[in-house]
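A.B. asks: Show me how the following folds:
(chains A and B)
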Amino acid sequence: MSVLPSRAELLPGTLAMLVLKTLTVGTMHGYAIAQHIERLSEDVLRVQEGTLYPALQMMEVKGWVRSEWKLTPTKRRARYYSITAAGRKQLAQEAKEFERVIAAVGRVMQPA
Amino acid sequence: MTSWLRGLWLRARYYLFRARFDREMEDEMRFHLELRAAEHTQAGMSEQDAFDTARRRFGNRTSLEEHRRTAIGVPSLETLGQDIRYVLRAIRYSPGFSTMVIATLGIAIGANAAMFGIIDRLMLRGPAYVVDPDRVVRLYATEQNGNEQSTESIFGYVTYAHLRANAHAFEDLAVYSATDATVGVGADAHRIRLGRVSANFFSLLGVGPILGRVFAPNEDRPPRGENVVVLDEGYWRRSFGGDRGVLGRTTVIGGVTYTIIGVAPQGFTGAELERRDGWVPISLTYWGPGPDWPTAWDASWLQIIGRLQPGVTFDQANAEATAAHRRAYDGPPNSTMRTASLSVAPLRFNRAGKEQAVTRVSRWLVAVTTIVLLIACANVANLFLARATRRRREVAVRLALGIGRGRLIRLLMAESVVLGLLGSVAGLAVAVAGGRFIRGVLLPNVAWTNRTVDLRVLLVTALTGCATGLLVGLAPALRSARLDLSTALKSGAREGGAHGNRTRSILAVTQAALSAALLVGAGLFLSSLQKVYGLRLGIEPDRVLTVSFDWPSLGDLPGDVKDRERLRRNQFYDAALARVRAMSGVERAAVVVGTPFQSSMTIALRVPGRDTLPQLPGGGPYVRAISDDYFATAGTHFLRGRPFTRADVTGGARVAIVNETMARTLWPNRDPIGECLLLDTMPCSHVVGVVEDARRFGLREDPAMQYYIPLGEERALGFGGRQMFVRPRGDVATLREALRAELARLDPSVGFVAVELLQDSLDPQIRPWRLGANMFALFGALALLVAAIGLYSVIAYLVTQRAHELGVRVALGAAQSNIVGLVVRYGVGLAAVGVAIGMLLSLNAGRWIEPLLFDTSPRNPAVFLLVAVVLLVVGLLASVVPAWRAARVNPIEVLRAE
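C.D. replies: Predicted coordinates for the structure are as follows:
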């Protein structure tokens, strides 16, 4: 269906972590976050864009990110997100957990 | 803390301004789509294509919406549906496990629901329909007689009249008593339980009629009120088919014609819990205690109830009632009533002002059913733990695939709560059956108005089920959620960890300990019951039928007719006795005035050579008039001398028979035969025999002096009330009807012939022990069963878990007997620890249960020993099958399965 190279859907539960990691680079709006993730993963990870905004909203409710409406360089109104202290803590925790899961899955997948 | 507050604020803000948040998100998304589309346009797409591609890439809006809700944590119906589907699937896939859990919880919850239904009526709600029952009290008089103090709730009418006029602590006072009465005449005659009440009785309790009216204030005026009757709803349905035209019709009660004026609500029992068939004004006296009853201080036959004024405490009411009574008293100056203290107590207390034994036993039974529930919980928690260990892999995979830990706990808890609720449903079935059993067999006299399972019971059952589900599911669910993923995924179902074993062992030991305690209770009650039944009463109430005759009232007849009729009635007993003795089913028969367990009397008695008679704690001396063959009929052993002969009775010989206590007290170290008793103003009655002591009223009684005089003499001494005693040859039940028919034929003018087993008069006294023995034994057996299953499952699980180790042992040359020994030692060890703890518990609980036991020490070593042996045997049995399985472990298979 797509002419793009084969892409993987994100593992469930990792989107928040990726978003938080991205925001450690700096304040950006949703579109930029999606672009950033895809670029860094060399287009392997594709953010399901529709899920990005609810996830951002959830993260704001949980206090991991903070947002404000600002004008873009092209003079359009957009919502800019930045990471909070709680967000950084969450990121550290999720990263650790992620490593453990990956290691576990790796062990399961090792040839018997 | 601040971050928690901040989180709360953010969440609250989200819910409050949801619409704005959503609108803003829409804006954001549109902006995103526009940027993406712009990107595509730059790459050379048409605007429409660019936009469609952006849209496609953005994703499906509906599934997004769901995603968002889950993310924010709004409980969605859809995930709830998923949970329920998951739970039902889990229940369906492990039918054995689910059945076990539901059955265990069902039995325990059912037992609790049934007991709640009982206690609800006995203790929590009191008599039906009474408005504001906490303010309604019964009055008691405490009299001081030498060093003896006695409390009774029986008063004369005069006490009531004075209190009602002078005691202002009460809004109102009312009196009542109950009696059996005969309705109708001849073949249609039947007995009813009649309440005799003051006219204000209904209004004091706050109860109105469902049809017609209750008594008007002037209808109870002493000495003779109106002949009006209020029927009980149940009796009205049974006897009048619920006919609303019954008002104004008449019915004959005890030979007197009454007008029916109303019907009381279904199950209205006044101030007590026993069934009543009808209500009449107090002042009707055909059974009454003499014509001067409205003013006599010594005619005590009424119970007084009162409704306290708002704000008046029990202490204030006690003080005021006592003061009012003492001010008003103008009766005999040497009576103990003169200095009596009056007090009040709740309606549920018995005639002696104490909580009824049945109520106390019921309270214990609630504790017992709670323990059964705890044991069941321990058992089910154990099953859940075992399964949680088996499901470690499933849980680990779910976690790895990203299920939230909160959601996981919710899923696992949902399962245990659903099982708990299903247990409640099963429990309701148990409650219906169990409740019926308890009500019918063990508490037959209480008029149960509520159904065995009513709304309150339903509610309690559902809550118990829910709480139980949460309780048993919490630990396993939490442990699952704490699961360490990497080790869980690596290892098999085999390793539950040492921690799991310890929890499970503790649970098994708890079960064993609690069942040991219950079984000790059961043993103590059974021993009490055995003692009660084995008690030598000096009479055999289970072998004696009492026959009483209910004659129509002589009240309105002229004097000479009355005398002639009295004589005719007395002569009737001679003929009746001859006729009954000739019946084939009758072994012996006698006539008696003063039936044991029903009535007892005293008359003035002197003994030559003594100024006063010694006072025994049991009171007396008491007198009873008997025909010949009485002792053989009643089953009282004769000790010395001779019984009365036919000639003694018909010839009016001046003879007497005394009981052992009387002989020993009056003529110590002397032969009482030939001694003289001076009854009232009569010449000497010579003692001709000595019999063993026989109980007058109760199971626990101090020895009292009792003597017997020939039947017929009681008339000269001024008392009466003859009954016949019949000792059946064979079956009691068939003889009953035959006796009734035979005697009704003999004299059709007899109102009603009642044939009852003497034991029935005694049964209410035995009931607490029987209730306790039955219920403790039942619940103890239940607990033992559940505990046995618990032990078995722990040991069986242990064997499965250690199959690897056992396999290695076998491979290294362990004998089968070693393996069996290993497992059995573990099982019996658990049981032994449980027994030890259970025994300690029982020893400590002993002092509370002691007042409820009969001649049984709460530390009865035989009971403790037996229980210990039973539990150890159960422990042994529970380990035998797993041990056998362990011994047959095939080391090759086990090790290969790794």
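
A.B. asks: all contacts plus neighbour counts: C-alpha atoms, from now on.
C.D. replies: Will do.

A.B. asks: Get me the contact residues on chain A for chain B.
C.D. replies: A:12-13, A:30-31, A:48-51, A:53-55, A:57-58, A:60-63, A:78-79, A:100-101, A:103-105, A:107-108 (C-alpha under 8 Å from any C-alpha of the partner chain).

A.B. asks: Filter the residues you listed down to just the ones in helices.
C.D. replies: Taking DSSP state H, the ones among these that sit in helices are A:30-31, A:49-51, A:53-55, A:57-58, A:60-61, A:100-101, A:103-105, A:107-108.

A.B. asks: if we can go back for a sec, could you flag which of the residues of chain A next to chain B are buried?
C.D. replies: Neighbour-count burial (16 or more other C-alpha atoms under 10 Å in any protein chain shown) applied to those gives A:30-31, A:48-51, A:53-55, A:57-58, A:60-63, A:78-79, A:100-101, A:104-105.

A.B. asks: Model confidence score at the nearest residue to residue B:853 once chain neighbours are set aside, please.
C.D. replies: Once flanking residues are discounted, residue B:853 sits nearest to residue B:528: 5.7 Å by C-alpha to C-alpha, 6 or more residues apart in numbering or on different chains. Confidence at residue B:528, expressed as pLDDT, is 85.

A.B. asks: Relative to the whole chain's centre, how far out is the helix or strand where residue B:528 lies?
C.D. replies: Using DSSP states H and E, residue B:528 sits in helix B:497-534. Distance of helix B:497-534 from the chain centroid (C-alpha atoms, centre = their mean, to the nearest Å) equals 22 Å.

A.B. asks: now do stretch B:411-426
C.D. replies: 29 Å.

A.B. asks: next one: stretch B:247-264
C.D. replies: 35 Å.

A.B. asks: same check, this time on stretch B:469-480
C.D. replies: 34 Å.

A.B. asks: what about the residue nearest the centre of chain A, distance to chain B?
C.D. replies: In chain A, the centroid-proximal residue (C-alpha atoms, centre = their mean) is residue A:19; its distance is 2.4 Å. Applying C-alpha to the nearest C-alpha, to the nearest Å, the value for residue A:19 to chain B is 14 Å.

A.B. asks: gap between the residue lying closest to that residue once chain neighbours are set aside and residue A:79?
C.D. replies: Excluding its sequence neighbours, the residue lying closest to residue A:19 (C-alpha to C-alpha, 6+ apart) is residue A:33, at 6.8 Å. Separation of residue A:33 from residue A:79 (C-alpha to C-alpha, to the nearest Å) stands at 12 Å.

A.B. asks: now the stretch 551-700 of chain B, which segments are flagged as low pLDDT?
C.D. replies: B:553-557 (pLDDT under 70).

A.B. asks: I should have written the stretch 1-150 of chain B there, sorry.
C.D. replies: The low-confidence ranges in the stretch 1-150 of chain B, as defined by pLDDT under 70, are B:1-5, B:7-8, B:15-16, B:59-80, B:145-148.

A.B. asks: what packs against the lengthiest strand in chain B?
C.D. replies: In chain B, ranked by residue count with DSSP state E as the criterion, the top strand is strand B:170-183. For strand B:170-183, the elements it packs on are helix B:157-166, strand B:190-197, helix B:201-205, strand B:250-253, strand B:303-308, judged by 3 or more C-alpha pairs under 8 Å, 6 or more residues apart in numbering or on different chains; DSSP states H and E.

A.B. asks: buried residues in the one helix or strand residue B:829 maps to?
C.D. replies: Using DSSP H and E, residue B:829 maps to helix B:816-849. For helix B:816-849, the neighbour count (16+ other C-alpha under 10 Å) marks B:816, B:819-821, B:823-839, B:841-843, B:846, B:849 as buried.

A.B. asks: same deal with stretch B:157-172?
C.D. replies: B:157-164, B:166-170, B:172.

A.B. asks: Over to stretch B:741-760?
C.D. replies: So, applying 16+ other C-alpha under 10 Å, buried residues of stretch B:741-760: B:743-744, B:750-759.

A.B. asks: now swap in stretch B:225-241 and tell me
C.D. replies: Applying 16+ other C-alpha under 10 Å to stretch B:225-241 flags B:225-236 as buried.

A.B. asks: List the neighbours of stretch B:633-642 that are in contact with it.
C.D. replies: With contacts defined as C-alpha atoms under 8 Å, 6 or more residues apart in numbering or on different chains, stretch B:633-642 is touched by B:538-541, B:543-544, B:588-590, B:631, B:673, B:688-692, B:694, B:725-727.

A.B. asks: Keep only those of these that are in strands.
C.D. replies: Short answer: the contacts of stretch B:633-642 in strands (DSSP E) are B:588-590, B:688-691, B:725-727.

A.B. asks: After the lowest-mean-pLDDT helix or strand in chain A, which helix or strand is next? Please name it.
C.D. replies: None of the helices or strands of chain A scores lower by mean pLDDT, DSSP states H and E than strand A:8-9, at a mean of 53. Downstream of strand A:8-9, the next assigned helix or strand under DSSP H and E is helix A:15-23.

A.B. asks: tilt between that following helix and helix A:49-61?
C.D. replies: 80 degrees (axes from the mean of the first three to the mean of the last three C-alpha atoms, to 10 degrees).

A.B. asks: ok so, going back, residues in contact with the longest strand of chain B: which ones?
C.D. replies: B:160, B:163-164, B:189-201, B:204, B:251-255, B:282, B:301-309, B:317, B:550, B:751-752.

A.B. asks: again, 6 Å this time
C.D. replies: With contact meaning C-alpha atoms under 6 Å, 6 or more residues apart in numbering or on different chains, strand B:170-183 is reached by B:164, B:189-198, B:201, B:252-254, B:302-309.

A.B. asks: Same check on stretch B:310-330?
C.D. replies: B:167, B:169, B:341-343.

A.B. asks: Now tabulate these in TSV and tack on pLDDT and distance to chain A.
C.D. replies: Below are the contacts of stretch B:310-330 laid out as TSV (pLDDT from 0 to 100; distance: C-alpha to the nearest C-alpha, whole Å):
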residue	pLDDT	distance to chain A
B:167	84	69
B:169	89	64
B:341	88	71
B:342	89	69
B:343	89	65
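
A.B. asks: Please identify the helix or strand for the residue nearest the centre of chain B.
C.D. replies: Centroid-nearest residue in chain B, with C-alpha atoms, centre = their mean: residue B:362, separated by 4.2 Å. Using DSSP H and E, residue B:362 falls within helix B:357-390.

A.B. asks: need the next SSE after that helix, C-terminal direction.
C.D. replies: Immediately after helix B:357-390, counting by DSSP H and E, sits helix B:392-400.

A.B. asks: For that following helix, which residues meet the burial criterion?
C.D. replies: B:392-393, B:395-397, B:399-400.

A.B. asks: On the C-terminal side of that helix, identify the next helix or strand.
C.D. replies: Next along from helix B:392-400, by DSSP H and E: helix B:405-437.

A.B. asks: Give me the below-cutoff pLDDT ranges for the stretch 751-898 of chain B.
C.D. replies: Using pLDDT under 70, the stretch 751-898 of chain B drops low at B:751, B:894-898.

A.B. asks: residue ranges of the helices in it, please?
C.D. replies: B:758-801, B:803-811, B:816-849, B:861-887, B:891-896 (DSSP state H, counting those that start in this stretch).
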